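Participant: Okay, sequence plus prediction incoming.
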Amino acid sequence: MIYVKSEHEIELMRRAGKITAAARALAGEMVRPGVSTREIDRAVHDYIVSQGAVPSFLNYDGYPGSACISVNDEVIHGIPGKRKIREGDIVSVDVGAYIGGFHSDCAGTYAAGEISDEAKQLIQVTKQSFFEGIKFAKKGYRVSDISHAIQVYAESFGFSMVREFVGHGVGAKLHEEPEVPNYGKPGHGPRLIPGMTLAIEPMVNMGTAKIRVLSDGWTVKTLDGKMSAHYENTVLITHGEPEILTTVNGEC
(Lines give C-alpha, C1' and ligand atoms only; values in the text may rest on other atoms or scores of the structure.)
Protein backbone atom coordinates (compact mmCIF):
# COMPACT_ATOMS: atom_id res chain seq x y z
CA MET A 1 0.00 0.00 0.00
CA ILE A 2 1.32 3.45 -0.94
CA TYR A 3 1.09 5.96 1.88
CA VAL A 4 0.09 9.45 0.69
CA LYS A 5 1.14 12.12 3.19
CA SER A 6 -0.98 14.95 4.55
CA GLU A 7 0.22 18.56 4.56
CA HIS A 8 1.19 18.22 8.22
CA GLU A 9 3.13 15.03 7.55
CA ILE A 10 4.89 16.64 4.60
CA GLU A 11 6.01 19.48 6.85
CA LEU A 12 7.45 16.93 9.28
CA MET A 13 9.27 15.25 6.38
CA ARG A 14 10.73 18.61 5.32
CA ARG A 15 12.19 18.89 8.80
CA ALA A 16 13.71 15.41 8.57
CA GLY A 17 14.94 16.19 5.07
CA LYS A 18 16.87 19.27 6.14
CA ILE A 19 18.67 17.33 8.86
CA THR A 20 19.48 14.46 6.52
CA ALA A 21 20.77 16.77 3.78
CA ALA A 22 22.96 18.66 6.26
CA ALA A 23 24.41 15.36 7.49
CA ARG A 24 25.20 14.37 3.90
CA ALA A 25 26.89 17.74 3.29
CA LEU A 26 28.96 17.35 6.45
CA ALA A 27 30.07 13.89 5.38
CA GLY A 28 30.95 15.13 1.91
CA GLU A 29 33.17 17.86 3.35
CA MET A 30 35.04 15.23 5.37
CA VAL A 31 35.91 13.07 2.36
CA ARG A 32 39.65 13.58 1.97
CA PRO A 33 42.80 11.47 2.13
CA GLY A 34 43.68 10.24 5.60
CA VAL A 35 40.19 10.37 7.08
CA SER A 36 38.70 7.05 8.19
CA THR A 37 35.19 6.01 7.27
CA ARG A 38 34.50 5.56 10.99
CA GLU A 39 35.33 9.23 11.61
CA ILE A 40 32.78 10.27 9.00
CA ASP A 41 30.20 7.94 10.49
CA ARG A 42 30.75 9.37 13.97
CA ALA A 43 30.37 12.94 12.70
CA VAL A 44 27.12 12.02 10.92
CA HIS A 45 25.79 10.34 14.05
CA ASP A 46 26.68 13.24 16.32
CA TYR A 47 25.17 15.83 13.98
CA ILE A 48 21.87 13.97 13.56
CA VAL A 49 21.55 13.44 17.32
CA SER A 50 22.42 17.10 17.99
CA GLN A 51 19.35 18.05 15.94
CA GLY A 52 17.06 15.94 18.11
CA ALA A 53 16.78 13.20 15.48
CA VAL A 54 17.83 9.55 15.32
CA PRO A 55 20.05 8.05 12.58
CA SER A 56 17.65 5.98 10.47
CA PHE A 57 20.22 3.36 9.54
CA LEU A 58 21.71 2.65 12.99
CA ASN A 59 20.65 -0.89 13.99
CA TYR A 60 18.27 -1.09 11.01
CA ASP A 61 18.07 -4.86 10.47
CA GLY A 62 21.27 -4.99 12.49
CA TYR A 63 23.27 -2.48 10.44
CA PRO A 64 26.09 -1.23 12.72
CA GLY A 65 26.63 2.32 11.42
CA SER A 66 24.78 5.62 11.22
CA ALA A 67 25.83 6.08 7.58
CA CYS A 68 26.59 3.71 4.73
CA ILE A 69 30.05 4.63 3.44
CA SER A 70 31.08 2.89 0.23
CA VAL A 71 34.49 3.37 -1.40
CA ASN A 72 35.39 2.90 -5.09
CA ASP A 73 33.96 -0.46 -6.20
CA GLU A 74 31.60 -0.63 -3.22
CA VAL A 75 28.15 0.17 -4.58
CA ILE A 76 26.16 0.62 -1.37
CA HIS A 77 25.96 -0.43 2.28
CA GLY A 78 29.68 -0.13 3.02
CA ILE A 79 30.19 -0.49 6.79
CA PRO A 80 32.23 2.31 8.41
CA GLY A 81 35.45 1.18 10.01
CA LYS A 82 39.20 1.72 10.27
CA ARG A 83 39.69 2.06 6.52
CA LYS A 84 41.32 5.37 5.64
CA ILE A 85 40.39 7.20 2.49
CA ARG A 86 43.18 7.59 -0.06
CA GLU A 87 43.93 10.10 -2.77
CA GLY A 88 41.96 9.24 -5.89
CA ASP A 89 39.18 7.38 -4.08
CA ILE A 90 35.52 8.11 -4.66
CA VAL A 91 33.33 7.77 -1.58
CA SER A 92 29.56 7.32 -1.53
CA VAL A 93 27.79 8.37 1.66
CA ASP A 94 24.17 7.37 2.29
CA VAL A 95 22.42 8.87 5.34
CA GLY A 96 18.97 8.97 6.89
CA ALA A 97 17.39 10.79 9.82
CA TYR A 98 14.19 10.08 11.77
CA ILE A 99 12.35 12.81 13.64
CA GLY A 100 8.71 13.60 14.38
CA GLY A 101 7.68 10.13 13.24
CA PHE A 102 9.17 10.36 9.75
CA HIS A 103 12.34 9.36 7.94
CA SER A 104 14.30 11.07 5.19
CA ASP A 105 17.00 9.48 3.03
CA CYS A 106 19.73 10.84 0.74
CA ALA A 107 23.17 10.00 -0.65
CA GLY A 108 26.02 11.46 -2.65
CA THR A 109 29.39 10.42 -4.05
CA TYR A 110 32.47 12.55 -3.36
CA ALA A 111 36.03 12.78 -4.65
CA ALA A 112 39.02 12.37 -2.33
CA GLY A 113 41.60 14.78 -3.69
CA GLU A 114 42.39 14.41 -7.38
CA ILE A 115 40.48 11.64 -9.12
CA SER A 116 40.55 10.32 -12.67
CA ASP A 117 38.53 11.94 -15.43
CA GLU A 118 36.54 8.71 -15.74
CA ALA A 119 35.65 8.83 -12.06
CA LYS A 120 34.63 12.50 -12.35
CA GLN A 121 32.34 11.63 -15.23
CA LEU A 122 30.82 8.72 -13.32
CA ILE A 123 29.96 10.97 -10.37
CA GLN A 124 28.55 13.71 -12.61
CA VAL A 125 26.48 11.35 -14.73
CA THR A 126 25.07 9.56 -11.69
CA LYS A 127 23.94 12.85 -10.14
CA GLN A 128 22.51 14.17 -13.40
CA SER A 129 20.65 10.90 -14.01
CA PHE A 130 18.68 11.65 -10.85
CA PHE A 131 17.68 15.04 -12.24
CA GLU A 132 16.76 13.47 -15.57
CA GLY A 133 14.54 11.07 -13.66
CA ILE A 134 12.70 13.65 -11.61
CA LYS A 135 11.59 15.44 -14.76
CA PHE A 136 8.95 12.68 -14.67
CA ALA A 137 8.30 12.79 -10.91
CA LYS A 138 5.03 14.57 -11.51
CA LYS A 139 1.34 13.96 -11.09
CA GLY A 140 0.01 11.61 -13.76
CA TYR A 141 3.28 9.93 -14.74
CA ARG A 142 4.13 6.41 -13.62
CA VAL A 143 7.02 5.22 -11.46
CA SER A 144 8.76 3.55 -14.39
CA ASP A 145 8.83 6.83 -16.32
CA ILE A 146 11.35 8.00 -13.70
CA SER A 147 13.20 4.69 -13.93
CA HIS A 148 13.44 4.78 -17.72
CA ALA A 149 14.78 8.34 -17.83
CA ILE A 150 17.51 7.50 -15.32
CA GLN A 151 18.56 4.42 -17.26
CA VAL A 152 18.60 6.04 -20.68
CA TYR A 153 20.73 8.94 -19.50
CA ALA A 154 23.32 6.91 -17.57
CA GLU A 155 23.64 4.18 -20.19
CA SER A 156 24.16 6.78 -22.93
CA PHE A 157 27.60 7.32 -21.37
CA GLY A 158 28.42 3.61 -21.42
CA PHE A 159 27.68 3.05 -17.74
CA SER A 160 25.40 0.36 -16.31
CA MET A 161 22.55 0.29 -13.80
CA VAL A 162 22.42 -1.90 -10.72
CA ARG A 163 19.31 -4.09 -10.88
CA GLU A 164 19.19 -5.81 -7.50
CA PHE A 165 18.78 -2.65 -5.43
CA VAL A 166 16.28 0.13 -6.10
CA GLY A 167 14.78 3.32 -4.76
CA HIS A 168 11.65 3.24 -2.63
CA GLY A 169 8.90 5.11 -0.90
CA VAL A 170 9.91 6.72 2.38
CA GLY A 171 7.96 8.19 5.28
CA ALA A 172 6.86 6.73 8.60
CA LYS A 173 8.95 3.73 7.56
CA LEU A 174 12.40 3.98 6.01
CA HIS A 175 11.33 1.69 3.18
CA GLU A 176 7.76 1.93 1.93
CA GLU A 177 5.99 1.10 -1.31
CA PRO A 178 6.50 1.64 -4.17
CA GLU A 179 9.86 0.37 -5.35
CA VAL A 180 11.58 2.80 -7.74
CA PRO A 181 14.00 0.92 -10.02
CA ASN A 182 16.72 2.72 -11.97
CA TYR A 183 15.87 0.88 -15.18
CA GLY A 184 12.88 -0.34 -17.14
CA LYS A 185 10.35 0.55 -19.80
CA PRO A 186 8.21 3.66 -19.36
CA GLY A 187 4.51 3.56 -18.63
CA HIS A 188 4.53 0.93 -15.89
CA GLY A 189 4.08 0.84 -12.14
CA PRO A 190 1.90 2.97 -9.88
CA ARG A 191 0.69 6.31 -11.13
CA LEU A 192 2.20 9.26 -9.28
CA ILE A 193 -0.13 11.37 -7.16
CA PRO A 194 0.50 14.41 -4.95
CA GLY A 195 1.60 13.52 -1.43
CA MET A 196 3.74 10.55 -2.43
CA THR A 197 7.30 10.72 -1.12
CA LEU A 198 10.00 8.76 -2.92
CA ALA A 199 13.67 8.08 -2.28
CA ILE A 200 15.01 8.15 -5.84
CA GLU A 201 18.56 6.82 -5.95
CA PRO A 202 20.53 5.98 -9.08
CA MET A 203 23.31 3.44 -8.49
CA VAL A 204 25.58 3.51 -11.52
CA ASN A 205 28.53 1.25 -12.30
CA MET A 206 31.47 2.12 -14.50
CA GLY A 207 31.65 -1.43 -15.84
CA THR A 208 29.28 -4.36 -15.56
CA ALA A 209 25.95 -4.07 -13.78
CA LYS A 210 26.67 -7.31 -11.95
CA ILE A 211 27.35 -7.14 -8.23
CA ARG A 212 28.25 -9.33 -5.26
CA VAL A 213 27.49 -9.07 -1.56
CA LEU A 214 30.40 -9.59 0.84
CA SER A 215 30.39 -12.07 3.73
CA ASP A 216 29.47 -9.26 6.17
CA GLY A 217 25.99 -9.49 4.66
CA TRP A 218 25.88 -5.78 3.84
CA THR A 219 28.64 -4.46 1.60
CA VAL A 220 27.71 -4.60 -2.08
CA LYS A 221 30.58 -4.46 -4.60
CA THR A 222 30.79 -4.45 -8.38
CA LEU A 223 31.62 -7.88 -9.73
CA ASP A 224 34.39 -6.57 -12.01
CA GLY A 225 36.00 -4.31 -9.38
CA LYS A 226 35.29 -1.12 -11.30
CA MET A 227 33.97 2.00 -9.57
CA SER A 228 30.36 2.72 -8.71
CA ALA A 229 28.57 5.95 -7.74
CA HIS A 230 25.34 6.66 -5.87
CA TYR A 231 23.13 9.74 -5.65
CA GLU A 232 19.81 10.04 -3.82
CA ASN A 233 17.24 12.51 -2.59
CA THR A 234 13.84 12.27 -0.96
CA VAL A 235 11.31 13.73 -3.40
CA LEU A 236 7.73 14.90 -2.87
CA ILE A 237 5.19 14.55 -5.67
CA THR A 238 3.14 17.76 -5.83
CA HIS A 239 0.47 19.25 -8.10
CA GLY A 240 3.29 20.86 -10.09
CA GLU A 241 7.06 20.43 -10.08
CA PRO A 242 8.55 17.84 -7.71
CA GLU A 243 9.97 19.12 -4.43
CA ILE A 244 13.31 17.80 -3.21
CA LEU A 245 13.00 17.52 0.56
CA THR A 246 16.66 16.73 1.24
CA THR A 247 18.08 20.20 0.69
CA VAL A 248 20.02 22.73 2.73
CA ASN A 249 19.40 26.32 1.67
CA GLY A 250 18.12 25.05 -1.65
CA GLU A 251 21.20 22.90 -2.35
CA CYS A 252 21.28 19.13 -2.58
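Facilitator: Arrived safely, thanks for sending.
Participant: what's the average pLDDT for the helix or strand where residue 27 lies?
Facilitator: For residue 27, the host element (DSSP states H and E) is helix 7-30. Summarised as a single mean, pLDDT over helix 7-30 is 98.
Participant: now stretch 243-252
Facilitator: Mean pLDDT, stretch 243-252: 91.
Participant: Now find how far off-centre it is within its chain.
Facilitator: 14 Å (C-alpha atoms, centre = their mean, to the nearest Å).
Participant: Repeat that for stretch 239-252.
Facilitator: For stretch 239-252, the distance to the chain centre is 15 Å (C-alpha atoms, centre = their mean).
Participant: Stretch 200-213 now?
Facilitator: Here stretch 200-213 shows a centroid-to-chain-centroid distance of 13 Å under the convention C-alpha atoms, centre = their mean.
Participant: Around residue 54, how many other residues sit close by?
Facilitator: 17 (other C-beta atoms under 10 Å). C-beta here means a position set from N, CA and C on the backbone, and glycine is covered the same way.
Participant: Likewise for the one 4 residues further on?
Facilitator: Here the neighbour count serves as a burial measure; for residue 58 (other C-beta under 10 Å) it reads 18.
Participant: Okay, strands next: where are they in the stretch 151-252 of the chain?
Facilitator: For the stretch 151-252 of the chain, applying DSSP state E, counting those that start in this stretch gives strands covering 160-161, 167-169, 176-180, 197-200, 203-205, 211-213, 220-222, 228-230, 233-236, 243-244.
Participant: Give me the contacts around the fifth one.
Facilitator: Pointing back at strand 203-205 there. 75-76, 122, 125-126, 129, 154, 159-162, 165, 182, 211, 222, 226-230 (C-beta atoms under 8 Å, 6 or more residues apart in numbering).
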